[in-house]
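# A structural model of the following input is requested.
(chains A, B and C)
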Amino acid sequence: MHPEQILKEKYGLELPNPTIPSGFYTPVSQTGNLLYVSGHTPKLDGRLKFKGKVGTDLSIEEGQEAARLAAINCLAAIKAYIGDLRKVKKIVHVVGYVRSADGFGDQPKVLNGASSLFNDLFGESGSHSRAALGSNELPGGAAVEVMCIVEIC
Amino acid sequence: MHPEQILKEKYGLELPNPTIPSGFYTPVSQTGNLLYVSGHTPKLDGRLKFKGKVGTDLSIEEGQEAARLAAINCLAAIKAYIGDLRKVKKIVHVVGYVRSADGFGDQPKVLNGASSLFNDLFGESGSHSRAALGSNELPGGAAVEVMCIVEIC
Amino acid sequence: MHPEQILKEKYGLELPNPTIPSGFYTPVSQTGNLLYVSGHTPKLDGRLKFKGKVGTDLSIEEGQEAARLAAINCLAAIKAYIGDLRKVKKIVHVVGYVRSADGFGDQPKVLNGASSLFNDLFGESGSHSRAALGSNELPGGAAVEVMCIVEIC
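Next up is the predicted model:
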């Protein structure tokens, strides 16, 4: 099934327009058959939907939603670059940062919001390595930032 | 000499069982001849051995031990994936995060615990580029997290 | 025009000597035609020129200068490795960390100091993807740390 169809049927979501880079960089950069996807935050319609620190301002569940939205924005950037998400051969690697309140250590749970999405949409090809990190501050006060490396056909 | 033999003779350590991912990701992900190894924390027998912030809760020396253990866990994941550490052609790149107390700036010293291990076990092939970062919080309260990119034969 | 000539004409700067690694790693590590460049801080003549947290100790403009200097140090490392910056085929990916005061969210603006430099010096080949992160602490109290992945001819 087409990844976008799974997004619709399982999550009830459409792939949004790609977010506009907040600086002098490109959303996606290719070398060989690898795409380096810029760090994406949980923006929707040009505005950050999830701001604050997970553990105080946001619950784990809200953090997971934020991570999922950041991952969806990565996919929107990839689609804008390659035209069709079926050209994704493999989600290789994901790095995610969770803006963390003092003592918050559930970054892996939060980032499962992104990882689950990749697994659901791409099946075996969505299986990726990952690093889950905490951060005190992120761009615009975002709760989460997700970047990824993707192999294409 | 076999990397595991050096680990035994120089450090008195056996390669532990690989740690179980704390989320919906895989320990190692391959693209071409590159392995992206997930972020690993200083776990031993399924429990975090080094928790807290380096600079207050832990000394630099303890942080170095933590970094070494995280690096060893990376190697255990690599071995589980490729079967034999002699298939490692090159440790390409290491990124390490040190959970840092206010004003702590010795992340490079701490991460030398990981870098020394790679250099010792793989000789010239262990020579890698590196980024040493500080972080306010890490998964489970871990003191250190290490990820790496490895080229295999 | 030669990247170093642009650096001179547009920025009035010479490429400095490469900084000496602050640990057991190498400034640049190659796999295939990709260079992984270690995290570099805003050092000049062996000393950190920009220390502190952006948002309190440093302004955004000072942070941008710091990011530019860290990027220049990346280029000095690349030149030392490949001999001539004209062998750079593409700046693929940039990751930058800004040591951030509480509530500071302008990491992208700060890192534009690095991104602008890459764009100016390499034109279309300088176009890169990027992740901009905040951090509570960085090596030696540095205000910024920049690492990059570069494709060479």
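# can you give me how far the strand ranked longest in chain A is from the chain middle?
Ranked by residue count and defined by DSSP state E, the top strand of chain A is strand A:88-99. How far strand A:88-99 lies from its chain's middle: 7 Å, per Cα atoms, centre = their mean, to the nearest Å.
# Can you give me the buried ones in it?
A:88, A:90-99 (16 or more other Cβ atoms under 10 Å in any protein chain shown). Every C-beta, even on glycine, is put in place using the N, C-alpha and C of the backbone.
# Specify which member of these is nearest to C:Asn33.
A:Val92 (17.7 Å; Cβ to Cβ).
# who's in contact with that closest one?
Taking Cβ atoms under 8 Å, 6 or more residues apart in numbering or on different chains as the criterion, A:Val92 is in contact with A:34, A:128-129, A:148-151, B:29, B:31, B:36.
# what residues does chain A put near chain C?
Applying Cβ under 8 Å from any Cβ of the partner chain, one finds that chain A approaches chain C through A:21-29, A:31-32, A:36-39, A:95, A:97, A:99, A:135-142, A:145, A:147.
# which among the residues you listed end up buried?
Going by neighbour count (16+ other Cβ under 10 Å), the residues of chain A next to chain C have A:21-29, A:31, A:36-39, A:95, A:97, A:99, A:135-142, A:145, A:147 buried.
# show me which of those neighbour chain B.
Counting by Cβ under 8 Å from any Cβ, the members of those near chain B are A:135-136.
# Could you pick out the longest helix of chain A?
In chain A, with assignment by DSSP state H, the single longest helix is helix A:60-82.
# and that helix, what does it pack onto?
helix A:3-11, strand A:28-31, strand A:34-40, strand A:43-44, strand A:88-99, helix A:107-122, strand A:144-152 (3 or more Cβ pairs under 8 Å, 6 or more residues apart in numbering or on different chains; DSSP states H and E).
# Export those to CSV and append columns for distance to C:Leu75 and mean pLDDT.
Below are those laid out as CSV (distance: least, Cβ to Cβ, whole Å; pLDDT from 0 to 100):
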stretch, distance to C:Leu75, mean pLDDT
helix A:3-11, 38, 98
strand A:28-31, 18, 98
strand A:34-40, 19, 98
strand A:43-44, 31, 96
strand A:88-99, 24, 98
helix A:107-122, 33, 98
strand A:144-152, 22, 98
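# how about these, which one is nearest C:Val54?
strand A:88-99 (16.1 Å).
# partner strands of that closest one, parallel or antiparallel?
Within its sheet, and counting by DSSP bridges, strand A:88-99 is paired with strand A:129-135 (parallel), strand A:144-152 (antiparallel).
# Please list all residues in contact with the nearest residue to A:Ala77 once chain neighbours are set aside.
In space, and not counting its chain neighbours, A:Ala77 is closest to A:Pro27: 3.8 Å by Cβ to Cβ, 6 or more residues apart in numbering or on different chains. Counting by Cβ under 8 Å, 6+ apart, A:Pro27 touches A:18-19, A:21, A:37-38, A:40, A:77, A:80-81, C:129.
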